[in-house]
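*Asks:* I need the structure of the sequence given here:
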Amino acid sequence: MTSYTELLAGLHRNADNSLDAHIPESWMQGRTTYGGLTAALSLQAALGLVDDVPIRSAQVAFVGPVGGDVKIKPTLLRQGKNTAYVSVDVTAESGVTAQSIFAFGKARESAIHFDDMPMPKVRAPEEIESFFGEGPRPGFTQNFDMLLALGGRPISGSDEKSIGLWMRHRDPDTPRDATAVLAIGDAPPPAVMSMFKQPLRISSMTWMAEFMTDTITTDPDGWYFAQHTAQLAKDGYSSQSMRLWNRHGEPILVGRQTIAVFG
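*Replies:* Numbering: from 1, shown residues only. Below is the predicted model:
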């Protein structure tokens, strides 16, 4: 199995700042690359055009299935004194498979400072069993430890519209940075899946993520807590909010996701 750091080390940066990458089977989700990895590799490409400016937000559209050999091409849209915007296309033989826009911004002095994003009170990871049972699981999930702290498991017919999971990279060499957070931030199944009473096919369409800090910190064991809440499901689509904290309860990321539900 190719680890996260091995995958990053295998990237080849070309003269035009594009990256050549190969997505192994161990990072696939059905017939496409796990969305969090697509976002992380896109950010990795964007960082080649931005010098020492923290990431503030990511907007990712999963246009089509992506896997195998891909090219990741960043384009600098604007570079200001404090901010920068970079678009990134992921392409394969079939054409564009994902498009992203990343906004970067330097910290600045401000009279406004508050935190209205408290982390739910949940049991510690050492007190919780694995999220997955003995049955089949998506291939990419083998790269993460995931523990169910709130809500129901997928296809359990739960009435709960929210799930909460402790998560961490299994690769001990994974850096504590924004790229690694994107790589794990989309790992939980959509919250609406807990309400399914039978298997249904789903597909992530878009993912928006905002970083709440320019310094990624967590405990020595690398745990993050994610809470995903389905807020609407109709006409074959579901919209959910996504929040991520480190183990100290400090907010790391907040986001939204649109999911297509087939059935």
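*Asks:* so where is this protein shaky, pLDDT-wise?
*Replies:* For the chain, applying pLDDT under 70 flags the ranges 133-135.
*Asks:* for this structure, what spans make up the helices?
*Replies:* With DSSP state H as the definition, the chain shows helices at residue ranges 4-9, 35-46, 178-185.
*Asks:* TSV please, covering the ones you listed and showing mean neighbour count and distance to residue 79.
*Replies:* Placement of C-beta: from N, CA and C, glycine included. Shown next, in TSV, are the helices of the chain (neighbours: other C-beta atoms under 10 Å; distance: least, C-beta to C-beta, whole Å):
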stretch	mean neighbour count	distance to residue 79
helix 4-9	17	25
helix 35-46	26	12
helix 178-185	26	19
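*Asks:* right, and those - which one's nearest residue 163?
*Replies:* Smallest distance to residue 163 across the helices of the chain (C-beta to C-beta): 14.0 Å, for helix 178-185.
*Asks:* circling back: quick one: the helices of the chain as a markdown table, columns for distance to residue 195 too.
*Replies:* A markdown table is the format used below for those (distance: least, C-beta to C-beta, whole Å):
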| stretch | distance to residue 195 |
| --- | --- |
| helix 4-9 | 31 |
| helix 35-46 | 21 |
| helix 178-185 | 22 |
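*Asks:* Could you work out which of the ones you listed reaches nearest to residue 204?
*Replies:* Distances from residue 204 to each of those were compared by C-beta to C-beta, and the smallest falls on helix 35-46, at 4.9 Å.
*Asks:* Out of the helices of the chain, which is closest to residue 140?
*Replies:* With C-beta to C-beta as the criterion, residue 140 lies closest to helix 35-46 of the helices of the chain, at 7.0 Å.
*Asks:* which residues sit against the closest one?
*Replies:* Taking contacts as C-beta atoms under 8 Å, 6 or more residues apart in numbering, the residues outside helix 35-46 that touch it are 7-8, 11, 17-19, 21, 23, 27, 29, 55, 58, 60, 62, 66, 72-74, 86, 88, 90, 97-98, 100, 102, 140, 178-180, 182-187, 204, 207, 209.
*Asks:* Give the buried residues for stretch 13-26.
*Replies:* When neighbours are counted by 16 or more other C-beta atoms under 10 Å, the buried residues of stretch 13-26 are found to be 17, 18, 19, 21, 23.
*Asks:* In contact with the residue nearest to the second one when sequence neighbours are not counted, which residues are there?
*Replies:* Read it as residue 18. Taking C-beta to C-beta, 6 or more residues apart in numbering, and ignoring the residues beside it in sequence, residue 18 has residue 73 as its nearest neighbour in space, at 4.3 Å. With C-beta under 8 Å, 6+ apart as the criterion, the residues that contact residue 73 are 16, 17, 18, 45, 88, 89, 91.
*Asks:* quick check, nearest of the residues you listed to residue 232?
*Replies:* The shortest gap between residue 232 and any of the contacts of residue 73 belongs to residue 88, at 28.4 Å (C-beta to C-beta).
*Asks:* of the helices of the chain, which approaches residue 218 most closely?
*Replies:* Shortest separation from residue 218 across the helices of the chain is recorded for helix 178-185, at 9.3 Å, computed as C-beta to C-beta.
*Asks:* Just the CA trace of the closest one, in PDB.
*Replies:* Listed in PDB are the C-alpha atoms of helix 178-185, where the atom choice follows Å, rounded to 0.1, in the frame of the first residue of the first chain:
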ATOM      1  CA  ALA A 178      -3.000  22.100   5.500                       C
ATOM      2  CA  THR A 179      -2.400  19.700   2.600                       C
ATOM      3  CA  ALA A 180      -2.600  16.700   5.100                       C
ATOM      4  CA  VAL A 181      -5.800  18.200   6.600                       C
ATOM      5  CA  LEU A 182      -7.500  18.300   3.200                       C
ATOM      6  CA  ALA A 183      -6.300  14.800   2.600                       C
ATOM      7  CA  ILE A 184      -8.200  13.500   5.600                       C
ATOM      8  CA  GLY A 185     -11.000  16.100   5.900                       C
END
